[in-house]
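Colleague: Quick one: sequence plus predicted model below, questions after.
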Amino acid sequence: MASSSSKGGGVDTRALSSGVVTHVGGENAPSPVREEELRNRFLSFEPMFDRKGQVVARELVLRGQDVSHEQPEELRRMNEDMLLTGLYSLAQDGLLNDQPLFVKISHEVLLSEALTQLAHPGIVWVLNDAGPKVADQVRRLSALPAMRFCLEAPGPDPAPNTWHFQRIPASAKPGGSPTGRIIVQNISREFELSRWPDSAWFMGEYFTGPRAEPHAKPDHDLRLELAAVAMRQTLPSLIQFVRLNPALETQLLRIAHSMAGGLSTEADSAAHAMIKMGGKRSQRVALLTALAGTPVTADNRLYTQVALSRALLMGKLAGSITDIPDPDEAFEAGLFSTFPAAFAISVNQLYRRIGLPRQVYESLAGQDTPINKLLRLAHACEHQNSALMSGLSVELGVSMDSVAASHVEAAVAAEDAGSRLI
């Protein structure tokens, strides 16, 4: 790999083998940064979705950077160096084996030796030009076993180049017979999906919700993405996501060792903890981690404790309510009941971004469902409204003794979890 030449960006991969990274140009940074810290501070993973809202791939970008924004040449090279250095770190740590990871590169990197040294079957290289020189290089490299490419263009390109993917804006016309899978950007409304083939992948606010406001905490989107992965994907994918975002590990481990996670013995890592907890409990702990944030604020600690208390109360009582066939949905409604306030988003945005079950969404949106009545009962317990508690318990067919006992148990577990947050 190139170390200081302009082609290839000057990425110094030799330093990575010792656990530190250097800045562009190959010169040592004043304070060497460890690989995990680099990834946590500078890298972000933008999701791509299929038509059903399942995450199928991600794009590696620098945190806070618009990958399509025009930048001065020197800054562009510095950003590309950082991106490729982080990518090398991910590959070395075995973090590229789950879903395709898209990485946008310049023509200089495409034509340099750096690309073949970074070759990996999990990486898709993104280019915004299909000119003759680029097309020839793409055809040549595509013959290698671990090379895949994506063309980013204003519309589908039916040219005979061997593009494995083509990424285009939602405003483009679907016509032609493009090679490779289509990825449609900037999807914001449901009706836009019908214009594209069933095999297409999508990016945009329809699936992720709007971007965080400028004044939002830096980890706002990361926490929402953690919640989305917990709800939409498998346990291995959740473990992979936490490994890719090591800042989440400490908080997740603390919650896992609380009454909420129920681990009876110490886990030496977040991945180990989630394997021991299994899918359902790992999902619960991940959602509480998303609520708490890193580090936790006083408000987020309260949101987390209230959400857990409601979830435990509602989940337990739901087991004896015939009109609630799935107690897990009652638990989830309680757990997500503080998300709109914690993230300053609507229930509808939460539904689209996280992938809530329909019954949970309707109950949080205020529809008159048995789960919504149970949520109102949890509110009444919190405010010690005896009259409302009595009326709702009669409607739901649960005894006041059961309500009181469940509320105390839930409050104790929530207090235990809250005391462990940092």
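Modeller: Okay, I see it.
Colleague: C-alpha from now on. contacts and neighbour counts both.
Modeller: Noted.
Colleague: in which helix or strand would I find Ser393?
Modeller: Ser393 belongs to helix 386-396 when elements are defined using DSSP states H and E.
Colleague: what's the answer for Leu222, then?
Modeller: In this assignment (DSSP H and E), Leu222 forms part of helix 220-232.
Colleague: After the helix holding Ser393, which helix or strand is next? Please name it.
Modeller: Once the chain leaves helix 386-396, the next helix or strand it forms, by DSSP H and E, is helix 400-420.
Colleague: any residues touching that following helix, and which ones?
Modeller: 254-255, 258-260, 301-302, 304-306, 308-310, 312-313, 316-317, 381, 389-390, 393 (CA atoms under 8 Å, 6 or more residues apart in numbering).
Colleague: Helix 386-396 and that one, what's the angle between them?
Modeller: 110 degrees (axes from the mean of the first three to the mean of the last three CA atoms, to 10 degrees).
Colleague: name the helices or strands packed onto the helix holding Ser393?
Modeller: Contact partners of helix 386-396 among helices and strands, from 3 or more CA pairs under 8 Å, 6 or more residues apart in numbering; DSSP states H and E: helix 370-382, helix 400-420.
Colleague: let's see 7 Å
Modeller: Helix 386-396 sits against helix 370-382, with contacts defined as 3 or more CA pairs under 7 Å, 6 or more residues apart in numbering; DSSP states H and E.
Colleague: List the buried residues for the helix it packs on?
Modeller: Across helix 370-382, burial judged by 16 or more other CA atoms under 10 Å covers 370-381.
Colleague: Check stretch 320-338 too.
Modeller: 321, 324, 327-338.
Colleague: With just CA atoms, put that stretch into PDB.
Modeller: Output of stretch 320-338 as PDB, limited to C-alpha atoms (Å, rounded to 0.1, in the frame of the first residue of the first chain):
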ATOM      1  CA  SER A 320     -53.100 -12.400  32.000                       C
ATOM      2  CA  ILE A 321     -55.100 -10.200  29.500                       C
ATOM      3  CA  THR A 322     -56.900 -12.200  26.900                       C
ATOM      4  CA  ASP A 323     -57.300  -9.300  24.500                       C
ATOM      5  CA  ILE A 324     -53.500  -9.000  24.300                       C
ATOM      6  CA  PRO A 325     -52.300 -12.100  22.400                       C
ATOM      7  CA  ASP A 326     -48.600 -11.200  22.400                       C
ATOM      8  CA  PRO A 327     -47.200  -9.900  25.700                       C
ATOM      9  CA  ASP A 328     -44.000  -9.000  23.900                       C
ATOM     10  CA  GLU A 329     -45.800  -6.200  22.100                       C
ATOM     11  CA  ALA A 330     -47.000  -4.800  25.400                       C
ATOM     12  CA  PHE A 331     -43.500  -4.900  26.700                       C
ATOM     13  CA  GLU A 332     -42.200  -3.100  23.600                       C
ATOM     14  CA  ALA A 333     -44.900  -0.400  23.800                       C
ATOM     15  CA  GLY A 334     -43.700   0.400  27.300                       C
ATOM     16  CA  LEU A 335     -40.000   0.400  26.300                       C
ATOM     17  CA  PHE A 336     -40.600   2.700  23.300                       C
ATOM     18  CA  SER A 337     -43.000   5.000  25.200                       C
ATOM     19  CA  THR A 338     -40.300   7.500  26.100                       C
END
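Colleague: Need the mean per-residue confidence for it.
Modeller: Stretch 320-338 carries an average pLDDT of 95.
Colleague: ok so, going back, would you format the buried residues of helix 370-382 as TSV with distance to Cys150 and pLDDT included?
Modeller: Shown next, in TSV, are the buried residues of helix 370-382 (distance: CA to CA, whole Å; pLDDT from 0 to 100):
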residue	distance to Cys150	pLDDT
Pro370	48	95
Ile371	45	97
Asn372	46	96
Lys373	50	96
Leu374	49	97
Leu375	47	97
Arg376	50	97
Leu377	52	97
Ala378	50	97
His379	50	96
Ala380	54	96
Cys381	55	96
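Colleague: With distance to Glu225 added, can I get these in TSV?
Modeller: Compiled in TSV, these are given as follows (distance: CA to CA, whole Å):
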residue	distance to Glu225
Pro370	29
Ile371	25
Asn372	26
Lys373	29
Leu374	28
Leu375	25
Arg376	28
Leu377	30
Ala378	27
His379	27
Ala380	31
Cys381	31
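Colleague: contact partners of the helix holding Ser393?
Modeller: Outside helix 386-396, the residues that touch it by CA atoms under 7 Å, 6 or more residues apart in numbering are 321, 373, 377, 380-381, 399-400.
Colleague: can you give me the helices in the stretch 251-400 of the chain?
Modeller: Ranges of helices in the stretch 251-400 of the chain, per DSSP state H, counting those that start in this stretch, are 270-292, 298-318, 327-336, 339-343, 347-350, 358-364, 370-382, 386-396, 400-420.
Colleague: out of those, which comes closest to Val184?
Modeller: With CA to CA, the closest approach to Val184 among these belongs to helix 347-350: 20.3 Å.
Colleague: From the rest of the structure, what touches that closest one?
Modeller: 209, 340, 364-365.
Colleague: what about burial for those, which qualify?
Modeller: 209, 364.
Colleague: any idea which of the contacts of helix 347-350 is least confident?
Modeller: Within those, pLDDT is lowest for Gly209, at 70.
Colleague: how about it, what does it touch?
Modeller: The contact partners of Gly209, taken as CA under 7 Å, 6+ apart, are 349, 352-353.
Colleague: Switch those over to a markdown table; also include neighbour count.
Modeller: Listed next are the contacts of Gly209 as a markdown table, based on neighbours: other CA atoms under 10 Å:
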| residue | neighbour count |
| --- | --- |
| Gln349 | 17 |
| Arg352 | 17 |
| Arg353 | 21 |
